[in-house]
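# Give me the fold of what follows.
(2 chains)
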Amino acid sequence: ETGVTQTPRHLVMGMTNKKSLKCEQHLGHNAMYWYKQSAKKPLELMFVYSLEERVENNSVPSRFSPECPNSSHLFLHLHTLQPEDSALYLCASSQDTGTYEQYFGPGTRLTVT
Amino acid sequence: AQSVAQPEDQVNVAEGNPLTVKCTYSVSGNPYLFWYVQYPNRGLQFLLKYITGDNLVKGSYGFEAEFNKSQTSFHLKKPSALVSDSALYFCAVRPPGGATNKLIFGTGTLLAVQP
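Modelled structure (predicted):
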């Protein structure tokens, strides 16, 4: 395994629910990322954190709210989602935001009903 | 606009034969290039990267990729395919400069290796 874990692995939620996705990396990395993976589309970068500071917000709707309490943990808080938000949400980490490769978690399969 | 193209949705190859998964990019300057593989129900795994130097890069599981600046390509290759290589392969580009490690991904190519 890559050293990046995500919970839950599967999540079904209604449009009025509030839920959170959790990511933890055990690699001692300083940068963490959230991606959205939809079928037949390129991975979409959502957020980038470096040393717990958000350094990129890729025009993501406010119904997605990230949180990085320390360099090992990253959360994605979800509220009032839409069915089109159903996708695989991937967390990744890298040593820093230079040219280092990113290590991905297994993802959370989110279904919004 | 900056982009990555993987022109083949699927590549089929017989076990033991060489394989190529194509990638071209449209990025100004000298980009950094990556290949990742995704097995079912798993996250992406890093295979190899090109930053600078020798155009032929060797990576995990016997894969290699060749950077061709004039053709703006970074094709993934393996001399002899295994059934276990069957997976979804993503090419990614990091444009030069910028404060974040922002990767631009292709749409992926499904590699199917038949026994």
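# which bits of chain A sit near chain B?
A:2, A:4, A:6, A:31, A:33, A:40-43, A:45, A:48, A:50, A:55-56, A:90, A:92, A:94, A:96-107 (C-beta under 8 Å from any C-beta of the partner chain). C-betas here are computed from N, CA, C, even on glycine.
# and with 7 Å instead?
A:2, A:31, A:40-43, A:45, A:48, A:55-56, A:90, A:94, A:97-107 (C-beta under 7 Å from any C-beta of the partner chain).
# Now B:Leu76: closest residue in space, sequence neighbours ignored.
B:Val21 (4.3 Å; C-beta to C-beta, 6 or more residues apart in numbering or on different chains).
# mind listing what that neighbour touches?
By C-beta atoms under 7 Å, 6 or more residues apart in numbering or on different chains, the residues touching B:Val21 are B:Val11, B:His75, B:Leu76, B:Tyr89, B:Thr109, B:Leu111.
# Of these, which belong to strands?
B:Val11, B:His75, B:Leu76, B:Tyr89, B:Thr109, B:Leu111 (DSSP state E).
# could I get those as a markdown table with pLDDT, distance to B:Arg42 and neighbour count?
Shown next, in a markdown table, are the ones in strands among the contacts of B:Val21 (pLDDT from 0 to 100; distance: C-beta to C-beta, whole Å; neighbours: other C-beta atoms under 10 Å in any protein chain shown):
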| residue | pLDDT | distance to B:Arg42 | neighbour count |
| --- | --- | --- | --- |
| B:Val11 | 98 | 19 | 18 |
| B:His75 | 98 | 23 | 17 |
| B:Leu76 | 98 | 18 | 26 |
| B:Tyr89 | 97 | 13 | 24 |
| B:Thr109 | 96 | 17 | 20 |
| B:Leu111 | 97 | 15 | 22 |
